[in-house]
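Student: here's a sequence, model it:
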Amino acid sequence: MNDGNLRRDFKNWMSLQKNTNNEHYKPSTIDTYINAIQSSVSKLNLGDAVRDDLFSYSSSAEFEAAYQLIIKAPNFNAVVESMGNGALSNGLILYSKFLQEIEQPSIWIFQGNPKYYDIIGAVNNLNPITWSVNQYQKKIKRGDRAYIWISGSDGGIVASATVLDDPEYRERPENDIYYLDQNLNSEPYLAVQLNIEKRFIGKVISKTMLQSDARTKNLSVIKFPSATNYPVTPEQDSVILSMINGAYVQVPTTFAEIAPDLKQQRYWIYAPGEGSRLWGEFYSKGIMGIGWDELGDLTQYASKDAMKTKMKEVYGAELSYKNAGHATWQFVHEVKPGDIVFVKKGLSKIIGRGIVTSDYKFESDRSEYKNIRQAKWTHNGEWDHDGQIVMKALTDITPYNDYCKQLEGLFIDEDSTSGPDDEVKSGYPTYAEEDFLSSVFMSEDRYQTLKSLVIKKKNIILQGPPGVGKTFAAERLAYSIMGEKDPNRVMVVQFHQSYSYEDFVMGYRPNANGFSLMKGPFYTFCKEAEPDDRPYFFIIDEVNRGNLSKIFGELLMLIENDKRGKPIRLLYSDEQFAVPPNVHIIGMMNTADRSLAMIDYALRRRFAFFDLEPAFSSEGFRTYQSTIANKKFDNLVNAIDSMNRSISEDASLGSGFRIGHSYFCTEEMVDESWLSDLVEYELIPLINEYWFDEPTKVEIWSSKLRGSING
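Tutor: Okay, the predicted model is just below:
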């Protein structure tokens, strides 16, 4: 293995380690250690006895000999002190541990995509199985252990196996009839043979189960789901083995850890048994439950289809169980602590309200309704429902904002100063600068500049070419300033040509009795932020597609930094209204949209403008690219990088039309089919639009893009 590979692998290994405070090492700390290992030994004046770049040592025994010479050098302590933070001494210890680990028999996860390969059929009927190796080609070896993983949101481990040989180029086996895509592995490919030891088809070690344990939630296959081969640490392996052997004891993650991508609090309509007959018991015990007890623990099913198949087997095959399978899946995987539940009786009564407080669990000692969650029931009584309630036992009503507000309105106590919104909700995931930098491909200096602009100016527009991740960056910028992923303090809207003041702030809308004055999202958001000192963020996508003067109306003056908190009378209401100083506005603008006029000067002076650029050369994207480890992917990135230079130099286009990196960011498996779809159905149509009057350029670059993945 060459120095570059060892340096890269050590960096990836370090990102999974924890320091003495039980926290993951920061990227800046990892870089400091790497620099110390690579360049500090020359300061010890050891001559030829020790190589200057310690990454040239790939054997732990060889490195141990060098290590003993290094620490005995007369000026070792002086060099350590001059570097500060123990970078050299700590780096040496960690690199020694890293080399020892990679020499041990390794454990791997081999992932397959069921869209292209019938993994279940192959695992059931083939032994050994030939499996491609696209990552860690020089590390995977005969005698290693492996788990076979089926990809997708319902995925998980379906078998354990042993690696029978070192990776080598092979033809696709003639007896393997489980290829769903005949173009997959049609040419000789690097692969190993796996001997199946155990199969878990009936009880998959599910992705959800692994995510909910503090020791396995950071499995590489979960964090970087687009690759094919992943290392498994000894601790992670011991947890997986305990799940397989029936000795598993969960070390649960916190709510914040199991919901890193939480978008919003969800609202549910729920029936506690047929005719709500179990409401009395559930209310007194602080629980909610669903039936289908004969299915057992619902976490064992890897998908809704698996649940429905079991239902047909147990309850009869004459029904589709579409709604039942959906409800049981949602109860286990989509209901979260902090969600609001409205309890119904029949089709016209609401009899309670509560907040979910726990994860799902199967209580086998209950006589019925063994699938339960804990809940804090805040209300018990009977309220008339306007119109017919949905019939299903569990229904997600979150998308219907007005309906959720209407139901919440039933429970506001007019004799109290507090209402449902004052309920204490579960804590949200923390989100710091390091989280932003690890997910948004931006340097620390530019992040600090951007953060400073938002705080100082209050209003900012992120502008850039298509595919640079403007919306992605805006949401995470808000979270990083707030310090947590609180969806209640972030609102996203999208402007368009028909968007108006009445849609945005306030206006009259038709109802059953004529017209009523309705509050728009910006008015409501400002009112929610007003009593709070914490920062709030209002995000506007496609900000230049709307007529901003028309949309903001008299509020155009109030969004200025020095006008915050100063009231003005609203157009449709005899009301004094002010934009709170803790509300920040982040707009996004696509610089390649030539159908749109520039923002007028009145608006320009109220916003700061920050350019987001393609980040193919950033350290973050390079790290992501290394996890893909696909030569054709790399070739396509290089072709786009070259095409972007041509676009920048084109007098009719310019740098605002370059193609961004987010086209290449995916959680799917990156294979030939994925790359072909990207080129044919996303990139080539885009350049057809760019050079619609220069077909020769379109032909040249289309040929180059296709050639980069077909060559």
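
Student: could you check how far the closest residue to residue 360 other than its chain neighbours is from residue 201?
Tutor: In space, and not counting its chain neighbours, residue 360 is closest to residue 332: 4.7 Å by CB to CB, 6 or more residues apart in numbering. C-beta: built from backbone N, CA, C; applies to glycine. Separation of residue 332 from residue 201 (CB to CB, to the nearest Å) stands at 19 Å.

Student: those two: which is more packed in?
Tutor: residue 332 (22 against 15; other CB atoms under 10 Å).

Student: in a strand, the more buried one, correct?
Tutor: No. Residue 332: not assigned to a strand; according to DSSP: H, G, I helix; E, B strand; the rest coil it is helix.

Student: tell me the contacts of it?
Tutor: Contacts were defined as CB atoms under 8 Å, 6 or more residues apart in numbering; by that measure residue 332 touches 208, 298-299, 360, 371.

Student: between those, which is closest to residue 215?
Tutor: residue 208 (15.0 Å; CB to CB).

Student: element containing the closest one, please.
Tutor: Taking DSSP states H and E as the criterion, residue 208 maps to helix 207-211.

Student: again, but for residue 684
Tutor: Per DSSP H and E: helix 684-690 holds residue 684.

Student: all strands of the stretch 451-600 of the chain, in order?
Tutor: Using DSSP state E, counting those that start in this stretch, the strands of the stretch 451-600 of the chain run over residues 459-464, 490-494, 506-511, 514-519, 536-541, 568-569, 576-577, 583-590.

Student: how about the helix or strand containing residue 447: buried residues?
Tutor: If you go by DSSP H and E, residue 447 is part of helix 444-457. Residues of helix 444-457 classed as buried: 446-447, 450, 453-454, 457 (neighbour count, 16 or more other CB atoms under 10 Å).

Student: one more: stretch 675-684?
Tutor: 675, 678-679, 683-684.

Student: export that stretch as PDB, just CAs?
Tutor: The C-alpha coordinates for stretch 675-684 follow below in PDB (Å, rounded to 0.1, in the frame of the first residue of the first chain):
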ATOM      1  CA  LEU A 675     -23.700   7.400 -13.700                       C
ATOM      2  CA  SER A 676     -25.400   6.900 -17.100                       C
ATOM      3  CA  ASP A 677     -28.700   8.300 -15.800                       C
ATOM      4  CA  LEU A 678     -26.800  11.400 -14.400                       C
ATOM      5  CA  VAL A 679     -25.200  12.100 -17.700                       C
ATOM      6  CA  GLU A 680     -28.100  11.300 -20.000                       C
ATOM      7  CA  TYR A 681     -31.000  12.800 -18.100                       C
ATOM      8  CA  GLU A 682     -29.500  15.600 -16.000                       C
ATOM      9  CA  LEU A 683     -26.200  16.900 -17.400                       C
ATOM     10  CA  ILE A 684     -26.700  16.700 -21.100                       C
END
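
Student: pLDDT averaged over it, what's the number?
Tutor: What stretch 675-684 shows for mean pLDDT is 92.

Student: so how far is that stretch from its chain's centroid?
Tutor: Computed by CA atoms, centre = their mean, to the nearest Å, the chain-centroid distance of stretch 675-684 equals 23 Å.

Student: what's in contact with that stretch?
Tutor: Outside stretch 675-684, the residues that touch it by CB under 8 Å, 6+ apart are 630, 632-633, 636, 640, 659, 663-664, 698, 702, 705-706, 709.

Student: now with 6 Å?
Tutor: Applying CB atoms under 6 Å, 6 or more residues apart in numbering, the set of residues contacting stretch 675-684 from outside is 632, 702, 705, 709.

Student: run a quick neighbour tally on residue 5.
Tutor: 15.

Student: could you list the low-pLDDT ranges of the stretch 551-700 of the chain?
Tutor: For the stretch 551-700 of the chain, the stretches with pLDDT under 70 are 593-603.

Student: now do the helices in it.
Tutor: Listed in chain order, the helices of the stretch 551-700 of the chain (DSSP state H, counting those that start in this stretch) span 555-558, 601-604, 619-628, 631-649, 672-678, 684-690, 695-710.

Student: tell me which of those helices lies nearest to residue 165.
Tutor: helix 631-649 (22.8 Å).

Student: helices or strands next to that closest one in the packing?
Tutor: With contacts taken as 3 or more CB pairs under 6 Å, 6 or more residues apart in numbering; DSSP states H and E, helix 631-649 sits against helix 695-710.

Student: in the helix it packs on, what's buried?
Tutor: 697-698, 701-702, 705-706, 708-709.

Student: show me the strands in the stretch 51-200 of the chain, by range?
Tutor: Per DSSP E, counting those that start in this stretch, the stretch 51-200 of the chain carries strands over the ranges 107-112, 129-132, 145-150, 156-163, 168-170, 189-199.

Student: which residues are contacting the last one?
Tutor: Surrounding strand 189-199, the residues in contact under the criterion CB under 6 Å, 6+ apart are 123, 127-133, 137, 146, 159-165, 167, 169-170.

Student: now, of the residues you listed, which are buried?
Tutor: Burial by neighbour count, 16+ other CB under 10 Å: within the contacts of strand 189-199 this picks out 123, 128-133, 146, 159-161, 163, 167, 170.

Student: could I get these as a markdown table with pLDDT and distance to residue 545?
Tutor: Shown next, in a markdown table, are these (pLDDT from 0 to 100; distance: CB to CB, whole Å):
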| residue | pLDDT | distance to residue 545 |
| --- | --- | --- |
| 123 | 91 | 50 |
| 128 | 92 | 56 |
| 129 | 94 | 51 |
| 130 | 93 | 52 |
| 131 | 93 | 48 |
| 132 | 90 | 45 |
| 133 | 89 | 47 |
| 146 | 94 | 50 |
| 159 | 93 | 50 |
| 160 | 94 | 53 |
| 161 | 94 | 53 |
| 163 | 94 | 54 |
| 167 | 91 | 51 |
| 170 | 91 | 53 |
